[in-house]
Each structure stands twice: as C-alpha cells, then as structure tokens.
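S.K.: sequence unknown, structure follows:
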C-alpha cells in the first residue's frame, strides 16, 4: 500500500495570491480532483485542508503538523503563483523542492503539467527556505500550478483543469508506486472493479472488459466531466435511488469510479422497477 498526503496552501479564500482567480479556492479544487484520481489508482490519500487558522504562521504550523502526523510516502502542497501586475503574457507552471534528491521528480511533474496543458514549463526550482518543504519530514514538493495574474495562464488552467490534475496524479502515483500499471487510472479502476465483481462476463482472459473503443472513449469523457458526475449523483438522490451520503462523498473527493459505476447501475435499476409499477 502506498500513501500520499496532499494539501492546499493557505487557510481561506483571499489569504493567498488573488487576481483573476483566487489561489486558495483553485488550489482546493485541484486537491479534490487529484485526491479522487489517486484514490482510484489505489493510493491511500490524506487530504489536508486548513479551515481553522487565523494567521500565516498558524497555517504553516498546522499544515506541517498535519502532514507529519500522517503515514505517507510523499508530501504534496498545491499552490498558485503571482508576479505582480496583471499580464496577458503566459508565465507558466513550476514545482519547488528542497532536497536535491527531489529535483528530478519536481522537474518531471512540472514537465508533465506543461505537456498536458500547454502551460509554459518553468521547471524545478530549489526553495530550501520554504516552511512547508523545510518542516515536512518525508519527500516533498510544492506545485505552483500557474500564475493567477496571467490571463493566458488562467485561460489554459480553466480549459485544461482535468488534464493538469491527471498529470499531477500520474506522476505522484509513479513516484510512490512505480509498479502500478500506466494509463488512465479511472478506466483501469472500473475495469478491475467490474472484473472482480462480475467474473462471469470475462469469458476470455485476453480480452479487455471494454470491447468497444467508442464506449471506452465515451466513458473516459464522462469520468473527466465533473459536472456530469455531479448530475448523475444528484439524479440518483432526487429519484431516491441512492442515499444523499453519496453527494458528500463526491464533495470530499472520496467517491471512486467504481462507486460511480455501482451508483449508475442502482439508478437504472430504480428506473426499471418504477416503470413496472
């Protein structure tokens, strides 16, 4: 079993960088999505959010203490950057590290985010003085996703949010569990879940669960559409096919793709039974 602790920087909207977008608000969105993807890959995730601090020093102490209290193989902190006045020019993404042993990994994460999104790659930067990197006692990186004062960075971030999160999750999985299969972790989890739950449909071990490429691509699109996932869960709750607790799981990032598959089946079952009445 592999473990990752991931947190969003600062302690409330407006306490971090703020311009076109708010650093704290967006960092929490990234943490939620990356946590979801990591869990689907079989990683145990400790998601840390500070809703109690009143000052920067309290916040840093809280985050460091929370990370160090967890069993984990990697510490990840999500931030957004700022460089002063608003600009239409692209600035880019970068990943900060303290230990020289983390330089290559930080560079790889930055490169992956840039390749997946089109953000300018600013690369790995050593920042040994940063409290988070200095205070945590496991391998750690601090990701600066993009610059909140760059209209081009923000445009790319909004358009490529899922791609950015997938790139972060993929590199983190490879760092803590390099032997896990590569690829789209959401779809792989569903295939594994279905295979374990319904072994009778696996007639030929050489064939994948998804026999239709079109079906696989359509499902991939759904799994990358947060609004669609929310709509599916809400529909099930509205029709009383599933319990409202599933909405809470979705909001906290603990709903897995296997859960979604099961919930979808329950919703369809409920509709079929309703039609027979």
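M.R.: On my side now, so go ahead. Keep in mind that this is a model prediction, so the values were computed, not measured.
S.K.: how about the helices in the stretch 1-150 of the chain?
M.R.: 23-40, 56-68, 103-117, 131-135 (DSSP state H, counting those that start in this stretch).
S.K.: and of those, who's closest to residue 164?
M.R.: Residue 164 sits nearest to helix 103-117 of all the helices of the stretch 1-150 of the chain, at 5.0 Å, using Cβ to Cβ. Using the backbone N, CA and C atoms, a C-beta is placed for each residue, glycine as well.
S.K.: Not counting the closest one itself, show me its contacts.
M.R.: Contacts of helix 103-117 from elsewhere in the structure, counted by Cβ atoms under 8 Å, 6 or more residues apart in numbering, are 92-97, 119-126, 139, 141, 143, 145, 156-157, 160, 163-164, 166-168, 170-172, 175.
S.K.: Which of these fall in strands?
M.R.: 93-97, 121-126, 141, 143, 145 (DSSP state E).
S.K.: how about residue 7, what does it touch?
M.R.: Residue 7 touches 31, 47-50, 63, 66-67, 76-78, counting by Cβ under 8 Å, 6+ apart.
S.K.: what residues are up against the nearest residue to it once chain neighbours are set aside?
M.R.: Leaving aside its sequence neighbours, residue 7 sits nearest to residue 48 (Cβ to Cβ, 6 or more residues apart in numbering; 3.8 Å). Residue 48 makes contact with 5-8, 63, 66-67, 70 under the criterion Cβ under 8 Å, 6+ apart.
S.K.: What separation do you get for residue 165 and residue 40?
M.R.: From residue 165 across to residue 40, the span is 12 Å (Cβ to Cβ, to the nearest Å).
S.K.: Give me the buried subset of the contacts of helix 103-117.
M.R.: Among the contacts of helix 103-117, those classed as buried by 16 or more other Cβ atoms under 10 Å are 92-97, 119-122, 124, 139, 141, 143, 145, 156-157, 160, 163-164, 166-168, 170-172, 175.
S.K.: how many neighbours does the closest residue to residue 84 other than its chain neighbours have?
M.R.: Leaving aside its sequence neighbours, residue 84 sits nearest to residue 149 (Cβ to Cβ, 6+ apart; 6.8 Å). Other residues within reach of residue 149, judged by other Cβ atoms under 10 Å, total 21.
S.K.: how close does the closest residue to residue 91 other than its chain neighbours get to residue 244?
M.R.: Leaving aside its chain neighbours, residue 91 sits nearest to residue 147 (4.1 Å; criterion: Cβ to Cβ, 6+ apart). Using Cβ to Cβ, one gets 39 Å for the distance from residue 147 to residue 244.
S.K.: Likewise for residue 158?
M.R.: Applying Cβ to Cβ to residue 158 and residue 244 gives a distance of 30 Å.
S.K.: Do I have it right that residue 60 meets residue 130?
M.R.: No - at 9.2 Å, residue 60 does not count as touching residue 130 under the criterion of Cβ atoms under 8 Å.
S.K.: ok, those two, which is more surrounded?
M.R.: Ranked by neighbour count (other Cβ under 10 Å), residue 60 and residue 130 place residue 60 first, with 20 against 17.
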